[in-house]
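> With the sequence up front, the predicted model follows.
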Amino acid sequence: MAGDLDRVLRGLEEAREFAKSYRFEMTAEYRALIAQVEGLRRNQAGADKSGRWLGSLTDHKAWLSHVRPAPRR
């Protein structure tokens, strides 16, 4: 277990060092895409957001297929 912890801590340290060096630039093109998505009718206040992504239903079915009821106490 201690070896796993050391490996995880080393990974976190490497990720921290990478995050220090990473530079993200938000271009005008990216800002235009954000504005386009925010401007969609379904993203406006008062829009019906009750719909579900159908892919999530299959994900839940796969997950639920592994669920087993626990005995009551």
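Yep, it's here.
> pLDDT of the helix or strand where residue 7 lies, averaged?
Assigned by DSSP states H and E, residue 7 belongs to helix 2-21. Rounded to a whole number, the mean pLDDT of helix 2-21 is 92.
> and residue 60, what helix or strand is that in?
Counting by DSSP H and E, residue 60 is found in helix 54-64.
> Using PDB, list the CA coordinates for the helix holding residue 7.
Extracted in PDB, the C-alpha atoms of helix 2-21 (Å, rounded to 0.1, in the frame of the first residue of the first chain):
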ATOM      1  CA  ALA A   2       2.800   2.400   0.800                       C
ATOM      2  CA  GLY A   3       4.300   1.900  -2.700                       C
ATOM      3  CA  ASP A   4       0.900   2.800  -4.200                       C
ATOM      4  CA  LEU A   5       0.700   5.900  -2.100                       C
ATOM      5  CA  ASP A   6       4.200   6.900  -3.100                       C
ATOM      6  CA  ARG A   7       3.300   6.400  -6.800                       C
ATOM      7  CA  VAL A   8       0.100   8.500  -6.400                       C
ATOM      8  CA  LEU A   9       1.900  11.300  -4.700                       C
ATOM      9  CA  ARG A  10       4.600  11.300  -7.400                       C
ATOM     10  CA  GLY A  11       1.900  11.500 -10.000                       C
ATOM     11  CA  LEU A  12       0.300  14.400  -8.200                       C
ATOM     12  CA  GLU A  13       3.600  16.200  -8.000                       C
ATOM     13  CA  GLU A  14       4.200  15.700 -11.700                       C
ATOM     14  CA  ALA A  15       0.700  17.000 -12.400                       C
ATOM     15  CA  ARG A  16       1.300  20.100 -10.300                       C
ATOM     16  CA  GLU A  17       4.500  20.900 -12.100                       C
ATOM     17  CA  PHE A  18       2.800  20.500 -15.500                       C
ATOM     18  CA  ALA A  19       0.000  22.800 -14.300                       C
ATOM     19  CA  LYS A  20       2.500  25.500 -13.500                       C
ATOM     20  CA  SER A  21       3.900  25.400 -17.000                       C
END
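> Cheers, nothing more for now.
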